[in-house]
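Colleague: Compute the structure for the input listed below.
(3 chains, ligands or ions: 2)
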Amino acid sequence: MLTIKNLSVSVEGKLILKGLNLEVKEGEVHAIMGPNGSGKSTLASVISGRNYLTIEQGEVTYMGKNLLEIPPEVRSKEGIFLGFQYPVEIPGVSITNFMRTAINEKRKHLELKPLSGAEFLKLMEEKQKILKIQSKLTNRSVNEGFSGGEKKKNEIFQMALLEPKLAILDETDSGLDIDALKVVANGVNLLRRKDNATVVITHYQRLLDYVIPDFVHVLFDGMIVKSGGKELALELEEKGYNWIKESLKKT
Amino acid sequence: MQNNNNKLINKVTQSDYKYGFYTDIETDKAPKGLTEDTIRFIWEKKNEPDFMLDFRLKAFRHWQKMKEPTWAHIQYNPIDYQDIIYYAAPRKKPQYENMNQVDPELLETFNKLGIPLEEQKQLAGVAVDAVMDSTSVTTTYKKALSEKGIIFSSFSEALQNHPELLQKYMATVVPYTDNFFAALNSAVFSDGSFVYIPKGVRCPIELSTYFRINAANTGQFERTLIVAEEGSYVSYLEGCTAPMRSENQLHAAIVEIVAHKNAEVKYSTVQNWWPGDKKGKGGVFNFVTKRGICKEDNAKISWTQVETGSAITWKYPSLILKGNNTTGEFFSVAVTNNMQQADTGTKMIHSGKNSRSTIISKGISAGKSNNSYRGLVKMSKEATNSRNYSQCDSLLLGNKSGAHTFPYIDVQNKSSIVEHEATTSKISEDQLFYCLQRGIDVENAIGLIVNGYAKDVLNKLPMEFAVEAQKLLSVSLERSIG
Amino acid sequence: MTELNHNNNSLKHDVFKNILVGLYEKNHDKIIGNSSVIIQKLRQKAFEHFKQNGFPDKKMESWRFTNPEPLFRDDYHIDFESKFRKIDVSKIFTCDVYDLDTYCITLINGWFAYQNSPLSRLKDGTVIGSLYKAMEIYPDIVEKYLGSVAKINEQGLVSLNTAFMQDGLFIYVPDNVKVEKPVQVINIVDSDKPVFIQPRNLIITGKNSNLTLVHCDHSLTHNISFTNTVSEVVLHENAFIDHYKVQNKGRNSALLTSLFFLQEKNSILANNVITLNGGFTRNQVDLSLTDENCTADLNGLYLMDRNQHVDNQVFVDHAASNSRSNQLYKGILDDQASGVFYGKVLVGRNSQNTKAFQNNKNILLTDETKINTQPFLEIYADDVKCSHGATVGQLDTDALFYMRSRGICERTAKQMLMYAFAGEVVKKISIEPLRDNITKLVEKRLKGELSICDQCILNCSSREPRFIQNILD
Ligand SMILES: Nc1ncnc2c1ncn2[C@@H]1O[C@H](COP(=O)(O)OP(=O)(O)O)[C@@H](O)[C@H]1O
Ligand SMILES: [Mg+2]
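Modeller: Ligands and ions are numbered 1, 2, ... in the order given. Modelled structure (predicted):
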């Protein structure tokens, strides 16, 4: 589904990703772990199409197409979803208006009829119920005045509405209490299907108790330096990132 | 509670100007009044190169055609430009090798001013150029500087020794046609300071000038020019005082700064000219044109000013951000008390791409004074992706003063961002009470609160100056607050 | 060629001034019409003032960025006698804000248009109608108030209007009356020749009264027009006025409005100026808070494109203590449009415990747009809370990316953000149907679908709609 080959990316002249390789297939869940500043969010930004990055070399293909040439909204309509590490507040734009526009744009892209206001509200309610999100989101502005947890839950809620093929969740678990964490994990698991894939970017092993990954990768200094099964996460948690540093020095 | 505070505030504001003494030094004066002859007199006295006479006369003829500006929020009796002495120099022209040769009386003056020349020379490492009644008295540290190729001298000396540099840069930032007072200064200025930092040189010490108006009926018209070549750095300090006199004294100065590629200039002022008495008699009329240009890419200039003196302040240290990625800063604390009037602020003219400017202005008005911030931020069409942030706060002490804010914002491209914020409020009763409850008297409490209020700006001053500025703030508020 | 063509600015001013002075003198008898001696004196004084001082020019602080000269022509037509006394307005025009249940009034080229009567007295005693007629029937009221609020001897345009004033809107709400339905006034310009129009409005609300007034400005043709309106509004003790101005004018219209408000003790004013279109628009709001405990909310929204120019001048005089004023003006400029905001809050020496806030926010969409904003505070009392802010910028790029990453195309995302930006002002409209209507108008406007041609019988729209997409609110 997603293939990244030898990807190097710089921001304002500073090289952040340094020849990264990653392959994500349908039905898989990948976890990417790594210390602060190692380039995890940068990777998420490349996949979703932020324009402040400079691609120095490498290729990214998604569903057989060169992803780097596609504008961000088309990527979204083609099924890529990014759960932002820092979701932005958009005062004055209601979630309802925002998400209905998003869904109908996607439907247009798929040559489906747009949802009417009533249909859409029903869909929202449905998803909210499934995700067990109680808070009244509908008439609030996007992320405005949301607590950290609410913002993250709102990201999962949007994911549930958009039903992506490839979801990238950038530290969606950070700063959550256990209940919110369950909402997030539950959302991810509910969306797991044979034909889609999830990449969770996380700092802690904690989320991985609920969302069992097929692969765990360690991103360090712009490169994936170690990959393994879910046990790698436990090992990391136990030994810390220094362990990776040490083992890198040895080689 | 409030009444009590006001009473106290009034009491505190009654204390006196401690810099208001007068030095008895024989001076060499031009006859009163201003004609082309006065200008020739100055030019001859100073033994200047020919191009200067031409420049001065052009400026004078232009000035004659101009009108005094009236747009500022200040009021004063008309100035009689024929009743001013345009040149006054201490007669014993000092040419000292070391400080011990300096006229002891003069040294005493500086000591009263709190400028321990020698001490600074030895301890703080500040090179001082003291300008008294428009003539540069002495310059310390010249040797250490000249080894690095730095020129730091009086304007007159520079005209003798480096005429080509002055001809190249003088009046390129503030042309004599700029405004009424700039034209006047260009015609009659008698001295000032010149600083030249060669390419790649970081000036190792703070350069400093003290200005003092001494003689009666004299105007002070000094001129400062700072040129920072590519990749150089300098921090420059300017301090001013004047004796107590019952008549008004005119001060019309020009400061020009040129920063070339990657150069950085910091210019700090503590202005404490005699503000006049409580009834508004006397005091310095301070009409100053200060402007810098970040001429090439990545240049940076900051203005920091603490303005506590002068009966009238008319002053807008400005910056032209011409190069790309240039930075301009303006940090100001202006305190007015009794009958003082200040109309001060800045202009940030952006024409380079990605240029940045910051304006922090804190106005404090007490007594019956009026304190205005006036500032222009302009983003030209070419200045894409530029930013400005301005924060202008006013604090009112007592109910007879005025605090005004006049920002002008002019944006002509879509990618620049300009943000201006301002607040006006009175000194917080809660803060005052909190201090009182902890046993701090009103006088000190106000000093404390105002210093806290102005901290963002005071922090920008070089260390040696910050302490002095803090004291000055408290002292001026002693004179000012209720 | 009829635009005055002189290189010398002051000459241009003088020529245009002299044309108007000539017109005044020539049509003196018609202009006087039914005015009483007192009104006539007022008029004459204002005329003398205009004759002496003429039009404002760029040398004046408040005219530095708005040049009135392109409006100076020698071929303006002025109706000294109305042609439109009795017509069925609905035959030529329907207003987009119209389906409100209102007392609806129409002024055509400044003259009151009516079907039955030029001046009606409602059951509750409220009088609504033509100022011309009011001068005849209620001379005491008109003489007492006319010229008492407007600065007729300070501003050239106000003097000029006062000299030429003949008709306009007159409303008198007696003490303790809450006018049941909003009053809607539609100003229409309809002429096949360049016209010069000077409506004069006088609105008086008694103690404890309550009035909602919706003022719509429209053009029916693309012909050149110059409208110079002066309105005087008095709020007596404890009165409440909810006032709206909706402006949707053609590219060749110049609309200059001067709105003077006088507020007495405990009165409350909500004033909203919404400019959707207009070749040249200048709105002056001048507010005097003369007594304690007044509240004033002044909001503005301007959405300009092509080479439209808008200038909002807001002056708030806090002349008494314990009052509160709040200004929020927001604008979006596109294409080569230019904008000016000049806001001044004056807090007098005795106006303790004043709260005054002022905010102007702008978004520029192209590098050809220009904005000048000057939010001024002049404060002489110490126990105040005053603040102001001004911003100029563009749409939040992070928000744009966030929306695009959810599949919303850039154009729609931009529109949604613009709409949210404008929404902060629209939200303040307290009459729900009006808010809904204006919401729709603003949306249409931001989508590029609203031109003045929407209401125009000629329907010769020159600009294609930019983008059509449903936005749910
Ligand atoms: N917008 C940006 N501009 C400049 N540097 C950035 C920007 N975003 C991230 N960086 C830098 O890139 C590096 C990697 O950041 P990031 O991808 O956010 O790391 P992680 O998500 O792994 O903590 C850091 O050194 C960070 O400072
Ligand atoms: Mg990150």
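Colleague: got the residue ranges for the helices in chain B?
Modeller: For chain B, helices defined by DSSP state H occupy the ranges B:2-12, B:36-45, B:50-65, B:104-112, B:117-119, B:142-147, B:155-161, B:163-169, B:180-188, B:429-437, B:442-453, B:455-458, B:463-480.
Colleague: If you could redo that for chain C, that was the one I meant.
Modeller: C:9-26, C:28-32, C:37-53, C:131-137, C:139-145, C:156-164, C:397-404, C:410-426, C:432-446.
Colleague: Redo these as TSV? Include mean neighbour count.
Modeller: Quick note: C-beta positions are derived from backbone N, CA and C, even for glycine. Converted to TSV, the helices of chain C look like this (neighbours: other CB atoms under 10 Å in any protein chain shown):
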stretch	mean neighbour count
helix C:9-26	16
helix C:28-32	13
helix C:37-53	17
helix C:131-137	20
helix C:139-145	16
helix C:156-164	24
helix C:397-404	21
helix C:410-426	21
helix C:432-446	19
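Colleague: Extract the residue ranges of the stretch 1-150 of chain C that are flagged as low pLDDT.
Modeller: Within the stretch 1-150 of chain C, the stretches falling below the threshold (pLDDT under 70) are C:1-9, C:83-100.
Colleague: Which residues of it lie near chain B?
Modeller: When proximity is defined by CB under 8 Å from any CB of the partner chain, the stretch 1-150 of chain C lies next to chain B at C:E61.
Colleague: Looking at the stretch 51-200 of chain A, what residue ends up closest to ligand 1?
Modeller: Using CB to the nearest ligand atom, the closest approach of the stretch 51-200 of chain A to ligand 1 is made by A:Y52 at 5.4 Å.
Colleague: Nearest residue to that residue in space, please, no chain neighbours.
Modeller: A:V11 (6.5 Å; CB to CB, 6 or more residues apart in numbering or on different chains).
Colleague: where does that neighbour land on pLDDT?
Modeller: Per-residue pLDDT puts A:V11 at 92.
Colleague: quick one, strands of the stretch 151-300 of chain C?
Modeller: Here the stretch 151-300 of chain C has its strands, by DSSP state E, counting those that start in this stretch, at C:169-173, C:183-189, C:195-197, C:200-205, C:210-219, C:225-235, C:240-248, C:253-263, C:268-277, C:280-289, C:295-304.
Colleague: and C:V127, which of those is closest to it?
Modeller: strand C:169-173 (4.3 Å; CB to CB).
Colleague: Hmm, A:T54 and the residue nearest to A:Y52 touching each other?
Modeller: Yes - in this structure, A:V11 is within contact of A:T54 by CB atoms under 8 Å, at 7.3 Å.
Colleague: just how off-centre is the longest helix anywhere in chain A within its chain?
Modeller: Taking DSSP H as the criterion, chain A has its longest helix at helix A:231-250. Distance of helix A:231-250 from its chain centroid, counting by CA atoms, centre = their mean, to the nearest Å, is 24 Å.
Colleague: again, but for stretch B:59-66
Modeller: Centre-to-centre, stretch B:59-66 and its host chain are 24 Å apart (CA atoms, centre = their mean).
Colleague: how about that stretch: buried residues?
Modeller: Residues B:A59, B:F60, B:H62, B:W63 are the ones in stretch B:59-66 that count as buried (16 or more other CB atoms under 10 Å in any protein chain shown).
Colleague: Dump the C-alpha coordinates for stretch A:173-192 into PDB.
Modeller: Written as PDB, here are the backbone C-alpha positions of stretch A:173-192 (Å, rounded to 0.1, in the frame of the first residue of the first chain):
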ATOM      1  CA  ASP A 173      -2.000   8.700  22.800                       C
ATOM      2  CA  SER A 174       0.200  11.400  24.500                       C
ATOM      3  CA  GLY A 175      -1.200  13.100  27.400                       C
ATOM      4  CA  LEU A 176      -4.400  11.000  27.600                       C
ATOM      5  CA  ASP A 177      -5.900   9.500  30.800                       C
ATOM      6  CA  ILE A 178      -6.700   5.900  30.700                       C
ATOM      7  CA  ASP A 179     -10.300   6.400  29.600                       C
ATOM      8  CA  ALA A 180      -9.400   8.600  26.800                       C
ATOM      9  CA  LEU A 181      -6.700   6.200  25.800                       C
ATOM     10  CA  LYS A 182      -9.300   3.500  25.600                       C
ATOM     11  CA  VAL A 183     -11.500   5.600  23.400                       C
ATOM     12  CA  VAL A 184      -8.500   6.100  21.000                       C
ATOM     13  CA  ALA A 185      -7.500   2.500  21.100                       C
ATOM     14  CA  ASN A 186     -11.000   1.300  20.600                       C
ATOM     15  CA  GLY A 187     -11.400   3.600  17.600                       C
ATOM     16  CA  VAL A 188      -8.300   2.200  16.000                       C
ATOM     17  CA  ASN A 189      -9.300  -1.300  16.600                       C
ATOM     18  CA  LEU A 190     -12.800  -0.800  15.300                       C
ATOM     19  CA  LEU A 191     -11.400   0.600  12.100                       C
ATOM     20  CA  ARG A 192      -9.000  -2.300  11.600                       C
END
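Colleague: ok, now which ones touch residue 145?
Modeller: Reading this off chain A. A:G145 sits next to A:E89 when contact means CB atoms under 8 Å, 6 or more residues apart in numbering or on different chains.
Colleague: switch to chain B, that's the one I care about
Modeller: So B:L145 contacts B:A127, B:I151, B:F152, B:C203, B:I205 (CB under 8 Å, 6+ apart).
Colleague: returning to what we had before: how about the strands of the stretch 151-300 of chain C, which one is nearest A:L17?
Modeller: Across the strands of the stretch 151-300 of chain C, closest to A:L17 is strand C:295-304 (CB to CB), at 42.6 Å.
Colleague: Mind listing the strands that closest one pairs with, and their directions?
Modeller: Sheet pairing of strand C:295-304 (DSSP bridges) gives strand C:268-277 (parallel), strand C:324-333 (parallel).
Colleague: Counting by contacts, list what the biggest strand by length in chain B packs against.
Modeller: For chain B, the strand that runs over the most residues, judged by DSSP state E, is strand B:283-294. If contacts are counted by 3 or more CB pairs under 8 Å, 6 or more residues apart in numbering or on different chains; DSSP states H and E, strand B:283-294 sits against helix B:180-188, strand B:248-251, strand B:254-259, strand B:264-272, strand B:300-307, strand B:312-315, strand B:318-321, strand B:327-336.
Colleague: want to throw the ones you listed into a markdown table with distance to ligand 1?
Modeller: What follows is the helices and strands packed on strand B:283-294, written out as a markdown table (distance: least, CB to the nearest ligand atom, whole Å):
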| stretch | distance to ligand 1 |
| --- | --- |
| helix B:180-188 | 43 |
| strand B:248-251 | 47 |
| strand B:254-259 | 27 |
| strand B:264-272 | 23 |
| strand B:300-307 | 21 |
| strand B:312-315 | 39 |
| strand B:318-321 | 23 |
| strand B:327-336 | 18 |
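Colleague: so can I have CSV of these showing mean pLDDT?
Modeller: Shown next, in CSV, are the helices and strands packed on strand B:283-294 (pLDDT from 0 to 100):
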stretch, mean pLDDT
helix B:180-188, 94
strand B:248-251, 82
strand B:254-259, 97
strand B:264-272, 90
strand B:300-307, 94
strand B:312-315, 92
strand B:318-321, 97
strand B:327-336, 94
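Colleague: wait, which of these is closest to A:I212?
Modeller: If we rank those by CB to CB, the stretch that ends up nearest is strand B:327-336, at 51.5 Å.
Colleague: partners of that closest one, with directions?
Modeller: strand B:300-307 (parallel), strand B:356-365 (parallel).
Colleague: C-alpha coordinates for the longest one, CSV please?
Modeller: Right, strand B:356-365. Taking C-alpha atoms only, strand B:356-365 is exported to CSV below (Å, rounded to 0.1, in the frame of the first residue of the first chain):
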residue,chain,number,x,y,z
ARG,B,356,10.9,41.3,11.1
SER,B,357,10.2,44.1,13.5
THR,B,358,9.1,44.2,17.1
ILE,B,359,7.8,47.3,19.0
ILE,B,360,7.4,47.3,22.8
SER,B,361,6.4,50.6,24.2
LYS,B,362,5.5,51.4,27.8
GLY,B,363,4.2,54.8,28.6
ILE,B,364,3.8,56.0,32.2
SER,B,365,2.0,59.3,32.7
